[in-house]
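>>> Sharing a sequence plus its predicted fold:
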Amino acid sequence: MLNMQPSLLSVDSIALSFGGLLAVDRVSFAVESGQIFSIIGPNGAGKTTIFNCISGFYAPNTGNISFNGHAIEGRSSHKIAKYGLVRTFQNIRLFKEMTVLENLLVAQHNIANRNLISGIIKLPQYRKAESEALDKAEYWLYQLGLTAFANREANSLAYGQQRTLEIARCMVTEPTMLLLDEPAAGLNPKETEELDELIVQLRDMYGITVLLIEHDMKLVMNISDRILVLDQGRVIANDLPSEVQSDPAVISAYLGEEE
């Protein structure tokens with residue numbers, strides 16, 4: 001008898017309108033545990049809107065979203081992050097006046113259950129939690145090559161390093177799944193290649209499932225297990241990279257995009 005495990009993330013016929021504009025039109029897909037799953041499409045296709053529905057910034061008008069057994073449509077982004085689903089953004093959202101290390105410590109405070117009174121009087125369990133948070137931050141700084149910058153303000157880092165810090169900030173929260181919104185935007189070819197390797201490493205070494213929006217087709221085709229293609233808010237393909245590359249509907253959608 002087959003053991004049919006539910007998908008880690010299931011998006012079932014979600015739709016979302018802004019005024020009279022239908023931004024997402026009955027979109028469905030599923031992401032399995034351990035996959036690198038990419039969403040691509042022309043500008044304005046609805047990619048980031050779907051991310052915003054999954055991560056709790058928007059509530060879809062209709063449809064259902066489940067993550068790791070939890071119904072998450074309409075829930076707050078804070079609650080969804082506690083389930084183990086965290087994201088980055090197209091525009092970097094670091095605390096730029098804080099140090100690199102402080103950014104990773106703040107990320108852990110946002111999801112941890114820290115009692116205010118315990119913190120004020122420095123009870124042992126609070127001190128233990130603070131020590132563990134520091135250890136975890138230092139671990140991910142080391143793993144992602146940022147240790148030398150730990151005490152520098154985040155805004156002093158090069159752009160590519162800030163992108164890496166965003167991912168480190170996600171990883172200290174011990175996620176099950178990462179949503180990466182155009183992580184290669186603004187990166188040079190060398191930085192993009194390093195990002196490619198990092199995403200695969202996070203999946204292979206740490207078991208992280210990745211849902212990715214990206215315009216860099218070389219990166220997408222290199223690392224994706226499956227690709228969903230959107231055009232005008234609708235799914236036009238959901239297949240293996242090799243199949244998507246030759247799909248006439250996908251080719252038409254991209255050729256029809258204005259520069």
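Perfect, thanks for sending it.

>>> Please, where are all the strands along the stretch 51-200 of the chain?
Listed in chain order, the strands of the stretch 51-200 of the chain (DSSP state E, counting those that start in this stretch) span 62-67, 70-71, 85-87, 177-181.

>>> Compare those strands and give me the one nearest Leu134.
strand 85-87 (19.8 Å; CB to CB). For the C-beta atoms, the positions are set from N, CA and C on the backbone; glycine is no exception.

>>> hmm, who's touching the closest one?
Contacts with strand 85-87, where a contact means CB atoms under 8 Å, 6 or more residues apart in numbering, come from 9, 51, 54-55, 67-68, 72, 170, 173, 175-181.

>>> which SSE is Ile14 in?
Assigned by DSSP states H and E, Ile14 belongs to strand 9-18.

>>> For that strand, which strands pair with it and how are they oriented?
Strand 9-18 pairs in its sheet with strand 21-31 (antiparallel), strand 62-67 (antiparallel), by DSSP bridges.

>>> OK, contacts around the nearest residue to Thr147 once chain neighbours are set aside?
Sequence neighbours aside, Leu141 is the residue nearest to Thr147 in space, at 4.7 Å (criterion: CB to CB, 6 or more residues apart in numbering). Contacts for Leu141 (CB under 8 Å, 6+ apart) come out as 100-101, 104, 147, 149-150, 168.

>>> Quickly list the domain ranges of this structure.
If you go by automatic domain parsing, the domain ranges for the chain are 1-84+177-259, 96-174.

>>> Contacts for the strand holding Ile14 next, please.
So strand 9-18 is contacted by 22-31, 49-50, 53-54, 58, 60-68, 73, 85, 177, 209, 211 (CB under 8 Å, 6+ apart).

>>> Could you do stretch 212-224 as well?
Against stretch 212-224 from outside (CB under 8 Å, 6+ apart): 36-40, 47-48, 51, 179-185, 192, 195-196, 199-200, 227, 241, 245.

>>> of these, buried ones?
Neighbour counting over the contacts of stretch 212-224 (16 or more other CB atoms under 10 Å) leaves 36-40, 47-48, 51, 179-185, 192, 195-196, 199, 227, 241 as the buried ones.

>>> Could you tell me which of those are located in helices?
Members of these lying in helices (criterion: DSSP state H): 47-48, 51, 192, 195-196, 199, 241.

>>> Nearest to Ala129 among the residues you listed?
The shortest approach to Ala129 among those belongs to Ile199, at 29.7 Å (CB to CB).

>>> Would you map the helices across the stretch 151-259 of the chain?
159-171, 189-206, 217-223, 241-245, 248-255 (DSSP state H, counting those that start in this stretch).

>>> buried residues in the first one?
Same thing as helix 159-171. Going by neighbour count (16+ other CB under 10 Å), the buried part of helix 159-171 is 160-171.

>>> do the second one as well
Going by neighbour count (16+ other CB under 10 Å), the buried part of helix 189-206 is 191-192, 194-196, 198-199, 202-203.

>>> Quick check: the farthest pair among those?
Longest span within the buried residues of helix 189-206, CB to CB: Glu191 and Arg203, 19.1 Å.
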